[in-house]
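sequence and computational prediction follow.
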Amino acid sequence: MTSRAGVSAGMLLFRRRDGGPQILLAHPGGPFWSSRDIGAWTIPKGIVEEGEDLLDAARREFREETGIEPVPPFIPLGAIKQKAGKTVHAWGWEGDADADKTTSNIMRTEWPRGSGKWLTFPEVDRCAWFEAATARVKINPAQAELIERLDEMLRRAGRGAG
């Protein structure tokens with residue numbers, strides 16, 4: 001199956017606490033990301049296969065990268081464009097999970113590029129819960145807009161946010 005170039009789909013899992021919503025973020029695995037923190041975290045997301053429904057792709061990618069099955073209802077958060085040009089379509093959903101027990105699919109990449117050496121590692125090396133304000137700092141800068149959109153929807157629904 002071929003993929004749609006430059007198109008990803010993902011899910012933003014949140015839970016409510018006294019201080020407002022907490023967001024589950026994923027930290028990418030591999031040597032490039034190992035020592036990066038601020039701006040490196042992401043919503044669990046991935047490539048949309050040709051002909052695949054965007055929401056189906058988002059659910060599949062979330063499952064592959066966390067081992068958690070997303071449960072409806074899903075809140076459409078629209079799309080954002082990341083610095084490198086990739087468009088990310090996202091949905092929010094409310095739930096809970098033990099971030100320390102998440103599991104990820106394995107990926108293989110040449111590292112360093114052009115070296116002929118291939119490494120195998122988890123696509124996501126860890127997940128963690130963050131207060132919304134902290135999540136906005138930790139996440140890929142373009143994806144912070146998704147947290148803003150969720151925050152606004154929760155506020156309008158009268159559920160308050162952080």
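Right, received. Where do you want to start? It should be emphasised that the depicted structure is a prediction, and the values quoted were computed from it without experimental measurement.

please make it C-alpha for all contacts and neighbour counts, starting now.
Noted.

apart from its neighbours in sequence, what residue is nearest the residue most central in space within the chain?
Residue closest to the average C-alpha location in the chain (Cα atoms, centre = their mean): Ile43, at 1.3 Å. The shortest distance from Ile43 to any non-neighbouring residue, by Cα to Cα, 6 or more residues apart in numbering, is to Leu25 (5.3 Å).

so that neighbour, which state does it fall into?
At Leu25 the chain is in strand, as set by DSSP: H, G, I helix; E, B strand; the rest coil.

and it, what does it touch?
Leu25 makes contact with 12, 41-44, 127-130, 135, 139, according to Cα atoms under 8 Å, 6 or more residues apart in numbering.

identify the farthest-apart pair in these.
Pairwise distances across the contacts of Leu25 (Cα to Cα) peak at 14.3 Å, for the pair Pro44 and Phe130.

which one of those two is surrounded by more residues?
More crowded of Pro44 and Phe130, by other Cα atoms under 10 Å: Pro44, with 28 against 17.

you'd agree that one is up against Pro28?
No: applying Cα atoms under 8 Å as the test, Pro44 and Pro28 come out as separate, 9.2 Å apart.
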